[in-house]
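Enquirer: Predicted coordinates and the sequence they were generated for:
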Amino acid sequence: MQYPDNGAYMVAAYVVTAVVVVAYAAWLWYRIQKNR
Amino acid sequence: MSRYDRAASIARTGTWLSGIALVGLVGVYIRALAFTPIERFQGPAQKIYYIHVPTAWAALMAFSVTGIVSLLYLWLRDRKLDVVAASSAEVGLAFSVAMLTTGPIWGKPIWGTWWSWDARLTSTLFIFLLFIGYLVLRNALGDPEQRARYSAVLGTLAIVLVPFIHMTVYLFRTLHPRPIIAKPGAPSLPGEMLVTFFLSLAVFTVLYIGFVMQRYALTVFEDIREEEAAHAVS
Amino acid sequence: MGDAQFWRAAFALAGKDLRIEWRTKTAFASSLVFAVLVLAVFYFMRDPTIVTLVDIAPGALWVTITFAAMLGLNRAFLLEQENHSLDGLLLTPAPRTAIFVGKLLGNLVFVFTVELVSLPLFILFYDLPLGRELPTLTLVMVLATVAFVTVGTLLSSMVVRTRFAELMLPVLLLPFLVPPVVGAVQLTARILASRPLSELSGWLKLLVSFDVVFLVLCVLLFEATLDE
């Protein structure tokens, strides 16, 4: 391998962002459904 | 159109925008992870850049909107502006969380340290703290008109503060030079990577707008419910 | 309505606040005790072979001053709240900004008094080399104090109406403390080391610009914090 072995960091960052974004989107959607 | 209908229409548009942006985000993920070349010296962790910087951009955008709209509210006293400012703050907080977690995860493999108190990082940390302060203040105030006014004051103070924070850290650093560990070549991304980056930037921008519209509509719905409940009691 | 009436109102308000504080002296006494405590704690919590007194003196001094400032800040408006005297003030022909300036002056005098007593204590207990640099240090203390007391006065006028006022004020104020207090600590450290003016100018410019910008901004924003 020519490049450094830091794929785990990449995975962690991508997962964290996805979780935050999806969780917030879901929470917004849920609250809108409840209150409309 | 009644107030409810207007809010429902904003909710619809916002949900669509968010939905499209989320699909776009999946596309960006696939493109970034599978179809963008790995940077030879920095390794796969460099790809965090395609996610971290757009979340920071979205958080900064959210903060600016809250600040500017706060000032507008103080001038025009239109409650709709207050709802926009508050919605932007909550959305901004969400993006800030993503930004502040991906930042260190990126920093450790690329810069060798989880955190460096440089001007940009420190400013983003303080934007996060100011968001929290703003939302905490709003939470502690019951009267809507007072809450709008006070939040607007804080929002205005906050946006004026951030350049000073930046300046403070910059002064601190230039007078306390530290060895600069290899900084990733941010501006000079080759073609493929640049495309991925800008795609991500666009997706996060649309996501921000969609979220704010949804949050705005949600606030109006909640207000209407509260008013109806108050009427029912009286 | 002229300038004279404005200043008369502001000074009257400041005087009233200070007289009330002087009667009980609670906040002032607490600040003093806090100063001595900080002095002692900072002295003992270091490894004397690695960290000299001159190293920690600036930090210790400014921790003391900012905490004293926060103690005094809430009291000013809390007293108003308790006596509903703000309503009375609003009925007078005094311009609104005079109320803010009056509050600000009162708070400034309070914090300056704490500084006036704390600084000699520090010089004494930490054996600080101060002589020619005293005027410069005084200037720095004035500039930095004006900075955070201005923002603190405005924030406390809003926060005093919330339930957890004592907790909310630090949460909201702390980000605004960073530029002036970091500047003050950096300047104090350099002054104690007798560094030339050229090394101070950057931080001094930061302090002055912060003061000017936030003084104007807070005076303009105060009106928005008044409930009618």
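Expert: Great, that's in hand. Please read all numbers here as calculations on a predicted model, not as lab measurements.
Enquirer: does any part of stretch B:100-115 sit near chain C?
Expert: No: if you take CB under 8 Å from any CB of the partner chain as the test, stretch B:100-115 misses chain C, and the best it gets is 15.0 Å. (Glycine included, C-beta is placed from N, CA and C.)
Enquirer: Please see if that stretch touches chain A.
Expert: Yes: applying CB under 8 Å from any CB, one finds stretch B:100-115 touching chain A at B:Thr101, B:Thr102, B:Ile105, B:Trp106, B:Lys108, B:Pro109.
Enquirer: chain center to that stretch: distance?
Expert: Computed by CA atoms, centre = their mean, to the nearest Å, the chain-centroid distance of stretch B:100-115 equals 19 Å.
Enquirer: ok, the residue nearest the centre of chain B to chain C distance?
Expert: Of all residues in chain B, the one closest to the mean position by CA atoms, centre = their mean is B:Ala59, 1.9 Å from it. Distance, B:Ala59 to chain C, by CB to the nearest CB, to the nearest Å: 15 Å.
Enquirer: in what helix or strand does that residue lie?
Expert: Following DSSP states H and E, one finds B:Ala59 within helix B:49-76.
Enquirer: Next secondary structure after that helix?
Expert: Using DSSP H and E, the next helix or strand after helix B:49-76 towards the C-terminus is helix B:79-111.
Enquirer: mind listing what's buried in that following helix?
Expert: B:81-111 (16 or more other CB atoms under 10 Å in any protein chain shown).
Enquirer: which strands and helices sit next to that helix?
Expert: Other elements packing on helix B:79-111 under the criterion 3 or more CB pairs under 8 Å, 6 or more residues apart in numbering or on different chains; DSSP states H and E are helix A:7-35, helix B:49-76, helix B:119-140, helix B:144-175, helix B:191-233.
Enquirer: does chain A sit close to the last one?
Expert: Yes: looking at helix B:191-233 against chain A by CB under 8 Å from any CB, the contacts come from B:Leu207, B:Phe211, B:Gln214, B:Arg215, B:Ala217, B:Leu218, B:Phe221, B:Glu222, B:Arg225.
Enquirer: Can you pull the phi/psi pair for B:Glu39?
Expert: phi -70, psi 130 (degrees, to the nearest 10).
Enquirer: Hmm, A:Pro4 and it touching each other?
Expert: No: counting by CB atoms under 8 Å, B:Glu39 does not reach A:Pro4; the two are 9.7 Å apart.
Enquirer: hmm, back to that, out of the residues of stretch B:100-115 next to chain A, give me the two with the largest separation.
Expert: Of all pairs drawn from these, the one with the longest distance (CB to CB) is B:Thr101 and B:Pro109, at 14.6 Å.
Enquirer: Could you pull up the residues touching B:Glu145?
Expert: B:Arg79 (CB atoms under 8 Å, 6 or more residues apart in numbering or on different chains).
Enquirer: Please repeat the previous calculation with a cut-off of 10 Å.
Expert: B:Arg77, B:Arg79, B:Asp82, C:Asp227 (CB atoms under 10 Å, 6 or more residues apart in numbering or on different chains).
Enquirer: same check, this time on C:Arg163
Expert: B:Ala140, B:Leu141, B:Gly142.
Enquirer: same for the helix or strand C:Arg19 falls within, what does it pack against?
Expert: Assigning secondary structure by DSSP H and E places C:Arg19 in helix C:3-24. When contacts are defined as 3 or more CB pairs under 10 Å, 6 or more residues apart in numbering or on different chains; DSSP states H and E, helix C:3-24 packs onto helix C:26-44, helix C:53-83, helix C:85-91, helix C:96-126.
Enquirer: ok, B:Ile209 to chain A distance?
Expert: 13 Å.
Enquirer: any idea what C:Ile50 is structurally, helix, strand or coil?
Expert: At C:Ile50, secondary structure determined by DSSP: H, G, I helix; E, B strand; the rest coil is coil.
Enquirer: Show the model's pLDDT score for it.
Expert: We have a pLDDT of 83 for C:Ile50.
Enquirer: Next one: it from chain B, what distance?
Expert: 19 Å.
Enquirer: and that residue, how many residues sit next to it?
Expert: The local packing of C:Ile50 (other CB atoms under 10 Å in any protein chain shown) involves 7 other residues.
Enquirer: and if you look at C:Pro48?
Expert: 9.
Enquirer: who touches it in this structure?
Expert: No residues are in contact with C:Pro48 under the rule CB under 10 Å, 6+ apart.
Enquirer: quick one, phi/psi of it?
Expert: Residue torsions, per degrees, to the nearest 10, at C:Pro48 are phi -60, psi -20.
Enquirer: Spatially central, which residue of chain A would that be?
Expert: Closest residue to the average C-alpha location of chain A: A:Ala18 at 1.4 Å, with CA atoms, centre = their mean.
Enquirer: B:Phe204 and A:Val21 touch, don't they?
Expert: Yes: the criterion here is CB atoms under 10 Å, and B:Phe204 meets it with A:Val21 at 8.9 Å.
Enquirer: and the gap between C:Leu192 and C:Asp17?
Expert: 33 Å (CB to CB, to the nearest Å).
Enquirer: More neighbours: which of the two?
Expert: Set side by side, C:Leu192 and C:Asp17 show more neighbours around C:Asp17, with 23 against 20, by other CB under 10 Å.
Enquirer: so what's the more buried one closest to, chain neighbours aside?
Expert: Nearest residue to C:Asp17, sequence neighbours excluded (CB to CB, 6 or more residues apart in numbering or on different chains): C:Gly106, at 3.6 Å.
Enquirer: residues in contact with that neighbour?
Expert: Contacts for C:Gly106 (CB under 10 Å, 6+ apart) come out as C:10-11, C:13-21, C:72, C:75-76, C:79, C:149, C:153.
Enquirer: Now, of these, which are buried?
Expert: C:10, C:13-14, C:16-18, C:20-21, C:72, C:75-76, C:79, C:149, C:153.
Enquirer: can you redo these as a markdown table with pLDDT?
Expert: Below are the buried ones among the contacts of C:Gly106 laid out as a markdown table (pLDDT from 0 to 100):
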| residue | pLDDT |
| --- | --- |
| C:Ala10 | 83 |
| C:Leu13 | 80 |
| C:Ala14 | 82 |
| C:Lys16 | 79 |
| C:Asp17 | 77 |
| C:Leu18 | 79 |
| C:Ile20 | 75 |
| C:Glu21 | 74 |
| C:Gly72 | 80 |
| C:Arg75 | 72 |
| C:Ala76 | 64 |
| C:Leu79 | 67 |
| C:Val149 | 94 |
| C:Thr153 | 92 |
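Enquirer: ok now do the residue of chain A positioned farthest from its centre, which residues does it touch?
Expert: Going by CA atoms, centre = their mean, the residue of chain A most distant from its centre is A:Gln2, 29.1 Å out. Each residue near A:Gln2 by CB under 10 Å, 6+ apart is listed here: B:Ile38, B:Arg40, B:Phe41, B:Gly43.
Enquirer: and if we set it to 8 Å?
Expert: So A:Gln2 contacts B:Arg40 (CB under 8 Å, 6+ apart).
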